[in-house]
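> Model the following, please.
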Amino acid sequence: MKSFITHLMFIGVFWGSAGVATAAPGNLNASPVVGGYPAKVAPARATRQAGKAGRTQKNESAPGQAPGAENKQPLTKQQLLELVAAQMSNQRMMELLRDRGIDFQLDDAYVSSLRKAGANEALIAAVRSASAKTAGVLVETSPNAQIFLDGNLRGQADAQGVLVFRAKLGTHTVKVSLAGKQDFQQSVNVVEKQSTRVVASLTDLGGVVRVKAPTGAAVWLDNSVRGTIDTSGELLLNGVSAGTHALRTTARGKVDDLRNITVTAGAETGVGVTLADTVQVNPQDSLKYVWVAPGDFMMGCSLGDNDCTDPEKPPRRVTLTKAYWIGQMEVTVGAYKHYVDAVKAKMPPEAPKADRGWKNVGLPIVDVTWSEANQYCTWIGGRLPTEAEWEYAARGGSAAARYGNLVDIAWTKQNAGNQTHTVGGKQANGFGLYDMLGNVWEWVNDWYSPDYYRAAPAQDPPGPATGQERVLRGGSWIVDPKLLRVSDRYSIKPDARSDFFSFRCVWTTKTP
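As a prediction, the model looks like this:
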């Protein structure tokens, strides 16, 4: 922590080669000096003695010397007598004795001399205590930290983080404290004629995070689960390091709450979390949308799928870094008619044979071009999904070619009776989405390229920048069932219309 020069200075303090300025107790305000130590103005006799001592003693402080610059060597017999004769206060004398100790063994004759010089019994008791052998202790730590020895404050580290003092030989406990930092504590053994060096690195004091959320919700901090909310509706996270952290709260059937929090050392940070339902109604078109969390998956030809074609290859791992809401079902005739009325647009030029006059509002809207589908999604505050978003949602957490038995999840050529069917009539996938396979093909945002998978980015692939055709996904009731697979890709000119083409939107404005 400190340089070699600091270490040399430390050695000098204890062996007489140099003095070190510290903020230790006993550093007194500047005043006339007697025997190298600040004292009250002394009688003439004491002053003459001080002058004589000042001419004979080496490394002594000069009169008027700044506080903290005085000698740190143990007191000699002569110095102690001079200070008593100079009528230094008992309090200051005891501070010096504690800070510096003495370099001699006390005997009865010297005690008698102290009494004659004016020492009282309390001071003599302090001298007896200081007569025990001592050695130097150097503490290197953070600036302004307080240092304790065996529970007693010995001083405050200086601007360089250093404090020097003397301690009796033997085992002691050194504690270092500083606001906002964890206390440092160490046992040290002070040995005669050796300096004891203590390096006290202080770490930030941890903060506390109190999370209030629905009972049973799981709480994650920096991608590590820290526990669940108990019946009190709270979870207390202790010992969180100061700084910014990612906090995520999750619960089944609820939207993840993801936020950054700032933790202050030694303080409590409160976080209130209200988890929204994963299915919500878009106020613009009154359709339900399902929240899809970020994640990664194998996109393209599913393992063991022998019906894959080249445009579905090679399969590769794709990561979606942002959550999104996607239509729980395909956009219905009823929702599209509401859109037409709101923006003064037109219905598709021809209704399908199964729904002349667009009377069945629960059927998926068909015969819309890519541009018309995109305009609708913009109106509801969203857009068409990318191919990656669509396939991730369609799989619903499954790695198989289909998210269930085809007869249970999709209207196909074998069970549809040559017509579209009301949305939501089959089983949903693992994300709670209906008709991701069968019924009608769905426009997605991407331009089509048969070789795109070979060069597509692994994170949030946006699709080719340009192209001649747009992609449709999911198949329809008119195609062979073997094409109804989550990885199947179909493309056509974006201005094409068909009784088999529809869409669903991604709702972006409510994405966490």
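
> what's the spacing between Asp108 and Arg128?
In this structure, Asp108 and Arg128 are 11 Å apart, going by CB to CB, to the nearest Å. All C-beta atoms are positioned from the backbone trio N, CA, C, and that covers glycine.

> neighbour count winner among those two?
More crowded of Asp108 and Arg128, by other CB atoms under 10 Å: Arg128, with 12 against 7.

> per-residue pLDDT, that one?
As predicted, Arg128 sits at a pLDDT of 82.

> Excluding chain neighbours, give the residue nearest to it in space.
In space, and not counting its chain neighbours, Arg128 is closest to Leu106: 5.8 Å by CB to CB, 6 or more residues apart in numbering.

> Can you get me a residue count around the one you found?
Counted with other CB under 10 Å, the neighbours of Leu106 add up to 17.

> Surely it and Ser131 touch.
Yes: if you go by CB atoms under 8 Å, Leu106 and Ser131 touch, sitting 4.0 Å apart.

> CA-only coordinates of the helix or strand harbouring Val137 in PDB, if you can.
Val137 belongs to strand 134-140 when elements are defined using DSSP states H and E. This file holds the C-alpha atoms of strand 134-140, laid out as PDB (Å, rounded to 0.1, in the frame of the first residue of the first chain):
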ATOM      1  CA  THR A 134       6.900  -1.200  24.300                       C
ATOM      2  CA  ALA A 135       7.600  -1.400  20.600                       C
ATOM      3  CA  GLY A 136       6.300   0.500  17.600                       C
ATOM      4  CA  VAL A 137       3.200  -0.200  15.600                       C
ATOM      5  CA  LEU A 138       2.600   1.100  12.100                       C
ATOM      6  CA  VAL A 139      -1.000   1.000  10.700                       C
ATOM      7  CA  GLU A 140      -1.500   1.600   6.900                       C
END
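
> about what we covered before: separation between the residue nearest to Arg128 and Lys133?
Look at Leu106 and Lys133: by CB to CB, they are 12 Å apart.

> Could you do Leu163 as well?
With CB to CB as the criterion, Leu163 and Lys133 are 21 Å apart.

> Check Thr420 too.
Separation of Thr420 from Lys133 (CB to CB) stands at 100 Å.

> neighbour count winner among those two?
Neighbour count, other CB under 10 Å: between Thr420 and Lys133, Thr420 has more, with 27 against 15.

> gap between the two ends of stretch 200-212?
End-to-end span of stretch 200-212 (CA to CA, to the nearest Å): 37 Å.

> any chance you could map the strands in the stretch 301-450 of the chain?
For the stretch 301-450 of the chain, the strands defined by DSSP state E, counting those that start in this stretch occupy 316-320, 324-327, 382-383, 441-447.

> List the buried residues for the first one?
Neighbour counts over strand 316-320 (16 or more other CB atoms under 10 Å) mark Val318, Thr319, Leu320 as buried.

> Just the CA coordinates for that strand, please, in CSV.
Written as CSV, here are the backbone C-alpha positions of strand 316-320 (Å, rounded to 0.1, in the frame of the first residue of the first chain):
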residue,chain,number,x,y,z
ARG,A,316,-28.3,-22.2,-35.3
ARG,A,317,-28.7,-20.8,-31.8
VAL,A,318,-30.4,-17.4,-31.7
THR,A,319,-30.7,-15.1,-28.8
LEU,A,320,-33.5,-12.5,-28.4
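
> Packing partners of it?
For strand 316-320, the elements it packs on are strand 295-299, helix 387-395, judged by 3 or more CB pairs under 8 Å, 6 or more residues apart in numbering; DSSP states H and E.

> can you put the ones you listed in JSON lines and add distance to Ala85, mean neighbour count and mean pLDDT?
Output for these, formatted as JSON lines (distance: least, CB to CB, whole Å; neighbours: other CB atoms under 10 Å; pLDDT from 0 to 100):
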{"stretch": "strand 295-299", "distance to Ala85": "85", "mean neighbour count": "16", "mean pLDDT": "97"}
{"stretch": "helix 387-395", "distance to Ala85": "91", "mean neighbour count": "24", "mean pLDDT": "98"}
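
> wait, what's in contact with the residue nearest to Ala342 when sequence neighbours are not counted?
Residue nearest to Ala342 in three dimensions, not counting chain neighbours: Trp379, with 7.3 Å by CB to CB, 6+ apart. Shown in contact with Trp379 (CB atoms under 8 Å, 6 or more residues apart in numbering): Gln284, Asp285, Tyr339, Ala342, Val343.

> From Gln284, how far off is the fourth one?
Which is Ala342. Taking CB to CB, one finds Ala342 at 8 Å from Gln284.

> the more surrounded of those two?
Using other CB under 10 Å as the criterion, Ala342 and Gln284 rank with Gln284 on top: 18 against 11.

> The more buried one touches Thr378, doesn't it?
No: between Gln284 and Thr378 no contact is recorded; they are 10.5 Å apart, counting by CB under 8 Å.

> tell me the contacts of Met120?
Rather than Met, residue 120 is Asn. Taking CB under 8 Å, 6+ apart, we find Asn120 in contact with Asn90.

> For it, what are phi and psi?
Backbone torsions for Asn120, taken as degrees, to the nearest 10, come to phi -90, psi 180.

> Just give the nearest non-adjacent residue to Gln459, would you?
Counting by CB to CB, 6+ apart, the residue nearest Gln459 is Thr319, at 4.9 Å.

> Same question for Arg128, what's its three-state structure.
Judged by DSSP: H, G, I helix; E, B strand; the rest coil, the three-state class of Arg128 is helix.

> you'd agree it is up against Gln105?
No: if you go by CB under 8 Å, Arg128 and Gln105 don't touch, sitting 10.5 Å apart.
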